[in-house]
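Asks: this one's sequence-less:
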């Protein structure tokens, strides 16, 4: 049974659709049903998402109309060239849409298939393409305006509180992770999955953050702070992973001193209960005091303790400021100062040009084949088939395998065809007034609205609303023609089936294929970072690899446990990359002998990631790392040299990540004075 909120949304959406339909009737537009269809396409349960979608649909529709006006008159005498031009335009727009993982992607997608919606039916009368395009843009704009107006005025559901709730949901898994890391508890399957879900969630909300600027809540102006919080959470993950590994290694060699254990317990207690505002200041002072105490003899345990204290500094600072931002966003506390520098992490998005190009080619090929069939047979419903190919190939192109979604769309379209036949030839002939029409459409409108309100059935509801409205083809006068209706429906189904077949043959790849591509892209980035004269931008690497991690997690969850990539760990890869960049940054401050040892380490890391990183790491790399560490601790300037200390920390980090079960490299080594 639908909930009250679902029914309210369904009623709002229906009222918006009826307002758009009535206004289109009153203005005497050619195809008023486009206004009603648009109302259901734009409808979103969250006001911010709806307004964002409405704006981009309006712009995309206008751009698509301009494209149709340019293409049709100039190429109408050459159907094959016109078909090729439309296929290339739609493919190009789809390519741009897939590269832009933000609400703006909707603009590019609409610019593509709107050109098909306007252009294909106009090939028989190219001289009136401008009037047709203008009318279609007007009809769609009315649908956008009406549903947005009703959704904004009547019982709006702001995006802000929903986003705030998702931010609060980050707290428990992040706290659990921090406490477990400080206790040195090893990661099991369940905790690993929970931590990777946190990464995926932090990446996923970036879309909602982009839509927040269009919201009606008080958080509309907090977009920048929420993005800062998201970046803090992403930056925290490699730090927690690093702390957990160091504490675990120290426990194995009985290397945790009483003062360090006391500090770890205090930090864990502060993170668990929130603590007072002065506590992090005291914790940072305690960390500094332990660092100042130094190590009389430089043992492996001493090195681990020294590098652990650096990570604890980072942890306390990041938790402190992320809490201040969260309090500002959720409780409207004063905004904290800007502390997350660009050196930590930058907002980056993975762009898979190969997959985007494959999707564009599949869409273009499907359109060309259907247009070729249309031209060869002179089928009157060919325009409808070509339109549906463009729509279906565009709607689901962001999925790894769009075929199941297109198959579901085809099944839903068949249901709609039957329902519209009942409406069109059994109910509508008895309708004489607009209020009667509203009453007749109310049951179907409410059902579709409820489907749209639920995330699991959102796509089904949107498709049924859009296809149902366009197939029913309401106009100012009843013109029931069963033969024409069946012909149009055949074109609709033929177009969807064509899209399904071409997608299965060319575009379907699956989660494992996409996961492997994401992993390989990350491995290439790490190998490139280890190369001489590589880019040393830590913030860029962190941003792009954390974004890739968020995309990777749901795909790895869908991979068979027996697959080789199921054991992949992108967070570990990120830590390797960060340590590499740290080594590269300090290289210029080292002696030639020290540089040579580090170059050997970097070459080994590059070779590992250029090969198959899922296989065990070459033991010679461990020997090179230990040689580089041994050379550093014998350096007289180590105690006073920041570059040498940083280099030591990076080498230790690489050793821990790449060889977690390797025995300590040495027992005791007196630090040269």
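Replies: Received, thanks. Note that the coordinates shown come from a computational prediction; the quantities given were computed from them, not determined experimentally.

Asks: quick one, longest helix in the protein?
Replies: helix 300-331 (DSSP state H).

Asks: so where's the stretch 451-600 of the chain uncertain?
Replies: Flagging of the stretch 451-600 of the chain using pLDDT under 70 yields the residue ranges 477-479, 535-536, 561-564, 566-567.

Asks: Where do the helices of it begin and end?
Replies: With DSSP state H, counting those that start in this stretch as the criterion, the stretch 451-600 of the chain has helices at 458-472, 482-502, 511-529, 538-557, 570-586, 592-610.

Asks: just to revisit the earlier point, and the angle from whichever helix or strand comes after the longest helix of the chain to helix 482-502?
Replies: As assigned by DSSP states H and E, the chain's next helix or strand after helix 300-331 is helix 353-377. Angle between the axes of helix 353-377 and helix 482-502 is 140 degrees (criterion: axes from the mean of the first three to the mean of the last three CA atoms, to 10 degrees).

Asks: Domain boundaries for this structure, per the record?
Replies: For the chain, automatic domain parsing gives the domain ranges 4-157+352-507, 160-331, 531-536+550-669.

Asks: Serialize these to CSV and add fields for distance to residue 525.
Replies: (C-beta placed from N, C-alpha, C; glycine too.) Formatted as CSV, those follow (distance: least, CB to CB, whole Å):
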stretch, distance to residue 525
domain 4-157+352-507, 14
domain 160-331, 15
domain 531-536+550-669, 7
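
Asks: so which of those domains gets nearest residue 345?
Replies: Nearest of these to residue 345, taken as CB to CB: domain 160-331 at 4.8 Å.

Asks: average pLDDT across that closest one?
Replies: Taken as a whole, domain 160-331 carries a mean pLDDT of 83.

Asks: And it, how far out from the chain middle?
Replies: 23 Å (CA atoms, centre = their mean, to the nearest Å).

Asks: for residue 453, what are its contacts?
Replies: Neighbouring residues of residue 453 by CB atoms under 8 Å, 6 or more residues apart in numbering: 2, 5, 6, 9, 10, 45, 461.

Asks: From residue 183, how far off is it?
Replies: Per CB to CB, to the nearest Å, residue 453 is found 43 Å from residue 183.

Asks: Then residue 161?
Replies: The value you get for residue 161 to residue 183, if CB to CB is used, is 34 Å.

Asks: cool, and residue 438?
Replies: 63 Å.

Asks: swap in residue 107?
Replies: On the measure of CB to CB, residue 107 and residue 183 end up 49 Å apart.

Asks: what does residue 607 give?
Replies: Distance, residue 607 to residue 183, using CB to CB: 36 Å.

Asks: Residue 280 now?
Replies: In this view, residue 280 and residue 183 are 19 Å apart by CB to CB.

Asks: Those two: which has the busier surroundings?
Replies: More crowded of residue 280 and residue 183, by other CB atoms under 10 Å: residue 280, with 19 against 14.

Asks: So the more buried one, which state does it fall into?
Replies: helix (DSSP: H, G, I helix; E, B strand; the rest coil).

Asks: Residue numbering should commence at 217 henceforth.
Replies: Right, with 217 as the first residue, what we last looked at is residue 496.

Asks: Make sure it is actually in contact with residue 538.
Replies: No - taking CB atoms under 8 Å as the definition, residue 496 is not a contact partner of residue 538, at 11.3 Å.

Asks: how many neighbours does the closest residue in space to residue 448 that isn't next to it in sequence have?
Replies: Using CB to CB, 6 or more residues apart in numbering and skipping the chain neighbours, the partner closest in space to residue 448 is residue 538 (4.0 Å). Neighbourhood size, residue 538 [other CB under 10 Å]: 24.

Asks: Now do the phi/psi pair for the residue positioned nearest the centre of the chain.
Replies: Central residue of the chain (CA atoms, centre = their mean): residue 420, 4.9 Å from the mean position. With angles defined as degrees, to the nearest 10, residue 420 sits at phi -60, psi -40.

Asks: so what's it up against?
Replies: Going by CB under 8 Å, 6+ apart, the list of residues near residue 420 reads residue 766.

Asks: what separates it from residue 433, distance-wise?
Replies: Counting by CB to CB - residue 420 and residue 433 are separated by 20 Å.

Asks: Next: residue 371.
Replies: 14 Å.

Asks: The two: which is more packed in?
Replies: residue 433 (20 against 13).

Asks: How about the contacts made by that one?
Replies: Residue 433 touches 264, 374, 375, 376, 377, counting by CB under 8 Å, 6+ apart.

Asks: Whatever helix or strand residue 287 lives in - what's its average pLDDT?
Replies: Using DSSP H and E, residue 287 maps to helix 263-291. Mean pLDDT, helix 263-291: 93.

Asks: And for the residue nearest to residue 698 when sequence neighbours are not counted, the neighbour number?
Replies: What sits nearest to residue 698 in space, not counting adjacent residues and going by CB to CB, 6+ apart, is residue 641, at 6.4 Å. For residue 641, the neighbour count with other CB under 10 Å is 13.

Asks: Check the one 4 residues further on too.
Replies: Residue 645 sits with 10 neighbouring residues when counted by other CB under 10 Å.

Asks: re earlier: hey, which of the domains of the chain is tucked in deepest?
Replies: domain 220-373+568-723 (a mean of 20; mean count of other CB atoms under 10 Å).

Asks: roughly how far is that domain from the heart of the chain?
Replies: For domain 220-373+568-723 - counting by CA atoms, centre = their mean - the centre lies 24 Å from the chain centre.

Asks: first vs last residue of it, how far apart are they?
Replies: 40 Å (CA to CA, to the nearest Å).

Asks: packing partners for the host helix or strand of residue 610?
Replies: Element membership for residue 610 (DSSP H and E) is helix 598-611. If you count contacts as 3 or more CB pairs under 8 Å, 6 or more residues apart in numbering; DSSP states H and E, helix 598-611 packs onto helix 295-315, helix 321-335, helix 569-593, helix 619-638, helix 698-718.

Asks: how about JSON lines for the ones you listed, with distance to residue 790 added?
Replies: Converted to JSON lines, these look like this (distance: least, CB to CB, whole Å):
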{"stretch": "helix 295-315", "distance to residue 790": "23"}
{"stretch": "helix 321-335", "distance to residue 790": "26"}
{"stretch": "helix 569-593", "distance to residue 790": "22"}
{"stretch": "helix 619-638", "distance to residue 790": "31"}
{"stretch": "helix 698-718", "distance to residue 790": "37"}
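
Asks: Could you point out which of those sits nearest residue 384?
Replies: Nearest of those to residue 384, taken as CB to CB: helix 321-335 at 28.0 Å.

Asks: per-residue confidence averaged over that closest one?
Replies: pLDDT averaged over helix 321-335 gives 95.

Asks: Hey, what's the angle from that helix to helix 295-315? Just curious.
Replies: On the basis of the same axes, to 10 degrees, helix 321-335 is oriented at 160 degrees to helix 295-315.

Asks: Which elements pack onto helix 321-335?
Replies: Counting by 3+ CB pairs under 8 Å, 6+ apart, helix 321-335 packs on helix 263-291, helix 295-315, helix 345-369, helix 598-611.

Asks: picking that back up, and the contacts of the helix holding residue 610?
Replies: Counting by CB under 8 Å, 6+ apart, residues outside helix 598-611 touching it are 299, 302, 306, 310, 313, 325, 328-329, 332-333, 336-337, 339, 575, 578-579, 582-583, 586-587, 589-591, 595, 618, 621-622, 625, 675, 704, 707-708, 710-712, 714-716, 718-719.

Asks: Repeat that for stretch 724-743.
Replies: Contacting residues not belonging to stretch 724-743 are listed as 566, 568, 570-571, 574, 616-619, 757, 760-761, 764, 767-768, 770-772, 774-776, 779, 781, 784, 786, 789-790, 792-793, 796, 821-822, 825-826, 829 [CB under 8 Å, 6+ apart].
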